[in-house]
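Colleague: Please work out how this folds:
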Amino acid sequence: MATEPSSGRTVARAGRNPLLDEQTHLRVERLLTEIGPIDWCAVALSNPYASVLRSDRAAMGHARRDLAAIPSEATLDRISAVVAAALSQLPDKAPTAAVAVLFDTMPRQPANPATYLNALCFDLVELRFQPAVVAAACQELRRTATFVPVIGEVIAACRTVQERYVSLQRLTAHAREAHAYLQAAITEAEREPPTRPKPWPRPDAQSGEADR
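Modeller: Model (predicted):
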């Protein structure tokens, strides 16, 4: 089933496309690598009340740690923007083909690389995978697979990336709300509580004392 190396390289040269530019198709992956691991568990915290934070030092400490673990609003805006851009891309056979030929460096290639790439690109476009999703999936497979994966494995990898991006979009939106709520609760708790006026004695109490 293997093909001559020169045959695969010829297909790779013919399939290269400037749309493969990593700055365009791998922005989400590059940004997440730049930011580093995110503790999304801090996003799912229970919403504390300012009155609780004011009276409970341990709760205030937990709230501060959770706030520090949530990415800043600027970082969340960056994530939201690149993920939205990635998911809004229309399926396009040109960049999809350009990404697919990255497998040319792997051993045991299909007997007919051109047929493999044509079938792969057709399926990826037919299933409406965005070019950014395909690029991220192919990059992951290229780094982890020993041999050229079958088309079903590529499709499964694309579905995983697509679901991850959709989930990331939801988490980012929720994190923005959690960050704003926590910041407001901590700020409110740090303020001096309003002084309560001394209660006036009740009339019945005064009359009772007078009777005595």
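Colleague: pLDDT averaged over stretch 34-50, what's the number?
Modeller: Rounded to a whole number, the mean pLDDT of stretch 34-50 is 77.
Colleague: nope, stretch 134-149 is what I was after
Modeller: 88.
Colleague: Can you mark which positions in it are buried?
Modeller: Val134, Ala135, Ala136, Ala137, Cys138, Gln139, Leu141, Arg142, Val148, Pro149 (16 or more other CB atoms under 10 Å). C-beta coordinates here come from the backbone N, C-alpha and C atoms, glycine included.
Colleague: and Arg176, how many residues sit next to it?
Modeller: 18 (other CB atoms under 10 Å).
Colleague: pLDDT below threshold where in the chain?
Modeller: Residues of the chain meeting the criterion pLDDT under 70: 1-23, 44-47, 98, 101-102, 105, 192-212.
Colleague: Next up, phi/psi of Asp56, please.
Modeller: Main-chain torsions, Asp56, degrees, to the nearest 10: phi -130, psi 110.
Colleague: centroid residue for the chain?
Modeller: Leu168 (3.0 Å; CA atoms, centre = their mean).
Colleague: Which residue is the nearest non-sequential neighbour of that residue?
Modeller: Val83 (5.4 Å; CB to CB, 6 or more residues apart in numbering).
Colleague: if I pick that neighbour, what's in contact with it?
Modeller: Counting by CB atoms under 8 Å, 6 or more residues apart in numbering, Val83 touches Val28, Tyr165, Leu168, Gln169, Thr172.
Colleague: quick revisit: taking the buried residues of stretch 134-149 one by one, which sit in helices?
Modeller: Val134, Ala135, Ala136, Ala137, Cys138, Gln139, Leu141, Arg142 (DSSP state H).
Colleague: Can you tell me which of the residues you listed lies closest to Ala68?
Modeller: When those are ranked by distance to Ala68 (CB to CB), Ala136 comes first, at 28.7 Å.
Colleague: on that earlier part again, mind picking the two most distant members of the buried residues of stretch 134-149?
Modeller: Spatially, the most separated pair among those is Ala136 and Val148, at 17.8 Å (CB to CB).
Colleague: which other helices and strands contact the helix or strand containing Cys121?
Modeller: Using DSSP states H and E, Cys121 sits in helix 113-126. Applying 3 or more CB pairs under 8 Å, 6 or more residues apart in numbering; DSSP states H and E, we find helix 113-126 packed against helix 5-15, helix 93-100, helix 151-190.
Colleague: tell me which residues of it are tucked away?
Modeller: For helix 113-126, using 16+ other CB under 10 Å, the buried residues are Pro113, Tyr116, Leu117, Leu120, Cys121, Asp123, Leu124, Val125.
Colleague: Could I get those in JSON lines, plus columns for distance to Leu67?
Modeller: What follows is the buried residues of helix 113-126, written out as JSON lines (distance: CB to CB, whole Å):
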{"residue": "Pro113", "distance to Leu67": "52"}
{"residue": "Tyr116", "distance to Leu67": "50"}
{"residue": "Leu117", "distance to Leu67": "48"}
{"residue": "Leu120", "distance to Leu67": "45"}
{"residue": "Cys121", "distance to Leu67": "45"}
{"residue": "Asp123", "distance to Leu67": "45"}
{"residue": "Leu124", "distance to Leu67": "41"}
{"residue": "Val125", "distance to Leu67": "43"}
